[in-house]
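Participant: quick one: sequence and predicted model below, then my questions.
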Amino acid sequence: MTHDLGFWTLQTLNALQLSMLLFLLSIGLTVIFGLMHFVNLAHGSLYAMGAYFGASLAAVGGYWLGFFLAPVAVAGVGVLLYSGLIKRMRRSGPMAQVLVTFGLIFALLDLTRIFWGDLALALDAPALLDGRVAFLGVEYPIYRLFVIVLGLAIFGALAFVLGRTQIGAMIRAGVDNDAMAACLGINVERLFFVVFCVGCALAGLAGVVAAPLLSVTPEMGLQILIPTLIVIVIGGLGSLKGAIAGSMIYGFVQTFGAVLAPQLASILIYALLAAVLVIKPVGLFPAKG
Amino acid sequence: MKRAILAALGLATSLSVPAAATDIKVGLLLPFSGVYAALGNDIEAGFNLGLERFGDQTSAAFEVVREDTEVKPPVALGKAKKLILQDKVDVMVGIVSSGVLGAVRDMVHGAGVPLIVANAGNDEATGAACSPFITRMSFSNGQVNRPMGTWLHGQGVQKVYTLAPDYAAGRQMIDGFVQSFTAAGGEIVGQDFTPFQKTQDFGPYLAQAKASGADAVYVFYAGGEAISFVKQYDSFGLKTDLPLYGSGFLTSALYVDAEGPAAEGVVTALHYVPTIDNPANKAFAEAFTGATGRVPSEYAVHGYDAARALIEATKAGATDRASLANALRKVSFDGPRGTLSIDPATNNLVQPIYVYETVAGADGLTQTVLAELPAEKDPVNGCVMAPVSN
């Protein structure tokens, strides 16, 4: 089958869109891990909660209310999780943390089922972002372009905060060597808390942004968890660069894999993951060299 | 003296039991958690409604024991064993996932407990793996899609691109369509099977379909994937140039509201549509909406008709496992789906298929039935049916 340039432009945009969605999700997880050495497997559940809060709020006050308040609501859930569970688990080693957050996935899954039921919810794109535009010679849905732009904007903002501000320097110091950072007078524990909440808010944002593209179901958090973990393992734990690189690789491999080698689409990314683990076990851009 | 009283008591009870109405113990084996929880709930609501509606036609009394399969084959097998060995049920009803059906099939067949399948559609269950104890009151994957190939070609569609999730049901649904569509003279210009429940973005496949030069796209998706697919198909603006057809699960009444306007104009085929125009369906739809506040889905009707079949079997005099198995295979009645009967060669339901379009209605989306395609028996598919001996 021969394809024209427009086809490849369309697929590139599709790949970018998927990459940006995964980036929003993986950045929170990877920074939490880098800074706190804490594996939060329940990150996907927070994404699902973002979609549910978004759908409920949108039913009351339109899409934008959901868009702005769902991340706040999920950050609120993050505060509860942190003070109730994660603070206690800080010193208890990775295996206990993995088990607790793994259990949390199922607890949160059932909580969403109890509150919102088993039926899928709807969240429509706002009128402003509905429809398509001619862009680079192809007609592309505006909402998908919005996802791409939003992802890039969040990437820019985080790059600025982490690279150019004092709090960014503190976070980087904490990721590098938390004991030394604490000796220099940085309240590492409070920093952890703030980063954790921001990570949760970003997961919530990813959820509310993904909802109009996908469907809001209790299992959406479980389905996104594996891609997110692949992204941060390929990209390298704890770094912004790693998260964006991992997301792009995932998005492009998945999209072009589906086009060029459809029979292999589901295993390509796992093969790549295995290759990265063999050749560069720490990932492409780990926070610590 | 004591012994005499006991003997008298024993005699009294042994006499009084047959005098009372037959007690039929029903094991309801459905997913109430996991990905298919919504389906399980709809089937149960339909089943209870069926018992309520037709219960007075039989002297048998039904006791229902419900168990959650969690859509996990090993869990379901454990629950099936519990129902059969501990609860000693006379009949089992349920099973949503074909994987779960595969897991419990040998247990049910070996123990000789009749099972009314209320959803799982894999072709083998009434094909190579058929059993005289397993009667299907739902559908088979091929059955739902086969008539659509001929019909679609009759509408002037020559070239079709197909899409479905990459698992057994996806392939059987598409195969059923492709067989009859190519037999009618149509051409399949491309096919993709997307990773099952791992595909977030259908964009790459949609661009492929668009570039393929097809007249139309025919798909099977269900549940969350169906919602994502229909929304993404619409967002690319494909619906006008490349009409979307499919297996009716794509726009099931259970979740079409979550698809919203994106589902308008999609034409699909299914064995039940909530707006089928017959008195039995009208009564059923009203009662179901009254009980749950929802429009009945095909899943609800599976439960409803399973209850009806059970009642018909007891009306025919069935009282225990073997007689129920035999009677269930001979059940036939007019229900919401039209005239239903069981094919004795496979124990699969024979039912008409409805082609319907999803349209905007007064309050939300509704369905317009475009055609009723006549009931066809499934091919025997290697089923060798051994008779049940009493």
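Facilitator: In hand now; what should we look at? Note that the coordinates shown come from a computational prediction; the quantities given were computed from them, not determined experimentally.
Participant: tell me who's in contact with the closest residue to chain A within the stretch 251-390 of chain B.
Facilitator: When distances are taken as C-beta to the nearest C-beta, the stretch 251-390 of chain B approaches chain A most closely through B:A258, which lies 4.2 Å from it. All C-beta spots, glycine's among them, are computed from the backbone N, C-alpha and C. Applying C-beta atoms under 8 Å, 6 or more residues apart in numbering or on different chains to B:A258 gives the contacts A:119-122, A:215-216, B:227.
Participant: what about the closest residue in space to A:L268 that isn't next to it in sequence, how many neighbours?
Facilitator: Counting by C-beta to C-beta, 6 or more residues apart in numbering or on different chains, A:L268 lies nearest to A:G257, which is 4.2 Å off, once chain neighbours are set aside. Counted by other C-beta atoms under 10 Å in any protein chain shown, the residues lying close to A:G257 total 22.
Participant: the one 3 residues further on too?
Facilitator: By the measure other C-beta under 10 Å, the count of residues near A:L260 is 12.
Participant: if I look at it, how far off is A:H3?
Facilitator: Distance of A:L260 to A:H3, computed by C-beta to C-beta, to the nearest Å: 10 Å.
Participant: any common contacting residues for those two?
Facilitator: If you check A:L260 and A:H3 against C-beta under 8 Å, 6+ apart, no residue is contacted by both.
Participant: which intervals of chain B have sub-threshold pLDDT?
Facilitator: By pLDDT under 70, the low-scoring segments of chain B are B:1-21, B:387-390.
Participant: got the domain ranges for it?
Facilitator: Here chain B is described, according to automatic domain parsing, as comprising the domains B:8-139+B:277-350, B:142-270.
Participant: minimum distance to A:P286: which of the ones you listed has it?
Facilitator: Taking C-beta to C-beta as the criterion, domain B:142-270 is the member of these that comes nearest to A:P286, at 26.1 Å.
Participant: which residues of chain B fall in helices?
Facilitator: Residue ranges of the helices in chain B, as given by DSSP state H, are B:2-19, B:37-54, B:73-81, B:98-111, B:141-154, B:168-183, B:203-211, B:223-235, B:256-259, B:279-292, B:298-315, B:321-328.
Participant: what packs against the last one?
Facilitator: It refers to helix B:321-328. Under the contact criterion of 3 or more C-beta pairs under 8 Å, 6 or more residues apart in numbering or on different chains; DSSP states H and E, helix B:321-328 touches strand B:91-94, helix B:298-315.
Participant: still on that earlier bit, the residue nearest to A:L268 and A:L272 touch, don't they?
Facilitator: No: the pair A:G257 and A:L272 does not pass the contact test of C-beta atoms under 8 Å, sitting 9.4 Å apart.
Participant: around chain B, pick out the residues from the stretch 101-250 of chain A.
Facilitator: Residues of the stretch 101-250 of chain A lying close to chain B by C-beta under 8 Å from any C-beta of the partner chain are A:110, A:113, A:117-122, A:124-125, A:132, A:139, A:141, A:143-144, A:210, A:212-220, A:223-224, A:226-227.
Participant: could you rerun that using 6 Å?
Facilitator: Those residues of the stretch 101-250 of chain A that sit near chain B, judged by C-beta under 6 Å from any C-beta of the partner chain, are A:118-120, A:122, A:124, A:132, A:141, A:214-215, A:217, A:219.
Participant: ok, which pair from those residues is furthest apart?
Facilitator: In these, the most distant members under the criterion C-beta to C-beta are A:D118 and A:R132, with 32.9 Å between them.
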